[in-house]
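> sequence first, then the predicted structure, then my questions.
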Amino acid sequence: MPVQGWDEADEEQDWDEEDVRVRASRRSRPRTKIRPKHANAREGLVTAVDRGRYTCRVEGDPVTAMKARELGKQSIVVGDRAGLVGDLSGAPGTLARIVRIEPRSGELRRSADDENAHERVVVANVDRLVIVASVIDPPLRYGFVDRCLVAAFDAGVAPVLCLTKNDLAPEIVDEARSYYSQLDLTIVTTRPDEPLDELLALLAGKENVFFGHSGVGKSTLINRLVPGAGRAVAEVRSIGKGSHTSTSTVALELPAGGWVIDTPGVRSFGLAHVTPDSILKAFPELKAIAEDCPRGCTHTPEIGDCALDAAIGPDDPRAGRLASFRRMLASLAEADGKT
Ligand SMILES: Nc1nc2c(ncn2[C@@H]2O[C@H](COP(=O)(O)OP(=O)(O)O)[C@@H](O)[C@H]2O)c(=O)[nH]1
Ligand SMILES: [Mg+2]
């Protein structure tokens, strides 16, 4: 059954590890046995996950692997550092085993929607979240970008906003810059007829993940950044009609060093796992004002004495962000009431 709020593309991703609750049988012997340490395991970077098969880069060469039984339910996502044993030749038909996942330095999580507490790690060990949004076709949705920012702040991953299709509606770039003027957010713009130098400089040597709606131009950018990447690009008119070009998450190596991870387009960014407090952290320009709120203030306009109302009038450049913040709180509160 489709999970509400998820793209078809997402359904093709494997939910199996978390979905299947494996209960230890009561009769099973206690685990006193010391597990093999696999001291000889080689390290690889997980670059793609597809129905229980993991593509890993081991010293430059792609190796297909499966998860060793002993890892049980442990999830493996793109960006993970894996310890591999077995046939690491990468030759057709060979299958290595992932016996270990190194502790993650960070993970970007999202839930299907605000009500769905079933959160999922999207990628691991990334330094940077590139929120890719087109200025038009599909239109820029600040609420979505703000949600991605909350996830980035929550995960401690540095966000960048990349506005694509600047050739089609450059005026929206000014609007976006004004919307985020009180936030210390790096905004880069791209268009087909201009080089990607600024974006490249930000990405080089880092592990970056691209995140955004379908059709905003993520794969187009990745094909330009990584010659030979060959990521399929969609016709704009087919977007939103059930056709999704990228159905899997894939990491690609940048010529200048570092990695970019292309993800399937998503419709929403559920924040069921995030608390109102950590939402406020992603709105630092509002957080400073909210210090003056009465104790226990819920920052909702109906209450009356929220400091945000006193400080930010309707013409204030921060008014849009305040509305977005309150929409997010309301959505989480509503979801909370239902669960
Ligand atoms: N005019 C214009 N079209 C773009 C730009 N970037 C991407 N596109 C088009 O937008 C459509 C969707 O691009 P795609 O890379 O598949 O988006 P994705 O779903 O985010 O990976 C394709 O038809 C691209 O040619 C851009 O900067 N300007
Ligand atoms: Mg794509």
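Sure, I can see it. Ligands and ions are numbered 1, 2, ... in the order given.

> dihedrals phi and psi, residue 80?
phi -70, psi 150 (degrees, to the nearest 10).

> which of the residues in whichever strand in the chain runs longest are buried?
Longest strand in the chain by number of residues, with DSSP state E as the criterion: strand 42-50. Within strand 42-50, the residues that count as buried by 16 or more other CB atoms under 10 Å are 44-49. Any C-beta I mention is one placed from the backbone N, CA and C, and that applies to glycine too.

> likewise for stretch 103-116?
Neighbour-count burial for stretch 103-116, counted by 16+ other CB under 10 Å, picks out 107-116.

> one more: stretch 193-211?
Quick answer for stretch 193-211 (16+ other CB under 10 Å): 196, 199-200, 202-203, 206-211.

> gap between the closest residue to residue 146 other than its chain neighbours and residue 78?
By the measure of CB to CB, 6 or more residues apart in numbering, the closest residue to residue 146 outside its immediate chain neighbours is residue 324, 4.7 Å from it. The gap separating residue 324 from residue 78 is 29 Å, by CB to CB, to the nearest Å.

> so for these two, which sits in the more crowded spot?
residue 78 (26 against 21; other CB atoms under 10 Å).

> so what's residue 54 bridging to?
Per DSSP bridges, the residues bridged to residue 54 are residue 49, residue 65.

> any chance of the buried residues of stretch 193-211 in a markdown table, with pLDDT, distance to residue 180 and secondary structure too?
Below are the buried residues of stretch 193-211 laid out as a markdown table (pLDDT from 0 to 100; distance: CB to CB, whole Å; DSSP: H, G, I helix; E, B strand; the rest coil):
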| residue | pLDDT | distance to residue 180 | secondary structure |
| --- | --- | --- | --- |
| 196 | 97 | 21 | coil |
| 199 | 97 | 17 | helix |
| 200 | 96 | 22 | helix |
| 202 | 96 | 16 | helix |
| 203 | 97 | 20 | helix |
| 206 | 96 | 21 | coil |
| 207 | 96 | 24 | strand |
| 208 | 97 | 19 | strand |
| 209 | 96 | 20 | strand |
| 210 | 95 | 19 | strand |
| 211 | 94 | 17 | strand |
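
> turn those into CSV, columns for distance to residue 330.
Output for the buried residues of stretch 193-211, formatted as CSV (distance: CB to CB, whole Å):
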residue, distance to residue 330
196, 38
199, 34
200, 39
202, 33
203, 35
206, 35
207, 34
208, 32
209, 28
210, 29
211, 23
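
> for residue 58, see how far away the closest residue to residue 66 other than its chain neighbours is.
Distance criterion CB to CB, 6+ apart; nearest residue to residue 66, sequence neighbours excluded, is residue 95 at 5.7 Å. Relative to residue 58, residue 95 is positioned 13 Å away (CB to CB).

> who has more neighbours, these two?
residue 58 (18 against 12).

> pretty sure that one sits against residue 42.
Yes - with contact defined as CB atoms under 8 Å, residue 58 reaches residue 42; the gap is 5.5 Å.

> intersection of neighbour lists for the two?
Common neighbours of residue 58 and residue 42 (criterion: CB atoms under 8 Å, 6 or more residues apart in numbering): 84, 88.

> show me where pLDDT drops low in the chain?
The chain contains residues with pLDDT under 70 at 1-36, 116-117, 235-247, 302-303, 338-339.

> at 50 instead, please
Where the chain drops to pLDDT under 50, the residues are 1-27, 238-244.

> where do the helices sit along it?
Secondary structure of the chain by DSSP state H: the helices cover 8-11, 16-19, 142-155, 170-179, 197-203, 218-225, 276-281, 284-290, 307-311, 319-338.

> what helices and strands are in contact with the longest one?
In other words, helix 319-338. helix 142-155, helix 276-281, helix 284-290 (3 or more CB pairs under 8 Å, 6 or more residues apart in numbering; DSSP states H and E).

> which of those helices sits most buried?
helix 142-155 (a mean of 21; mean count of other CB atoms under 10 Å).

> ligand 1: which of the buried residues of stretch 193-211 is nearest?
Distance to ligand 1 across the buried residues of stretch 193-211 (CB to the nearest ligand atom) is lowest for residue 210, with 7.9 Å.

> test my guess that that closest one contacts residue 126.
No - at 10.2 Å, residue 210 does not count as touching residue 126 under the criterion of CB under 8 Å.
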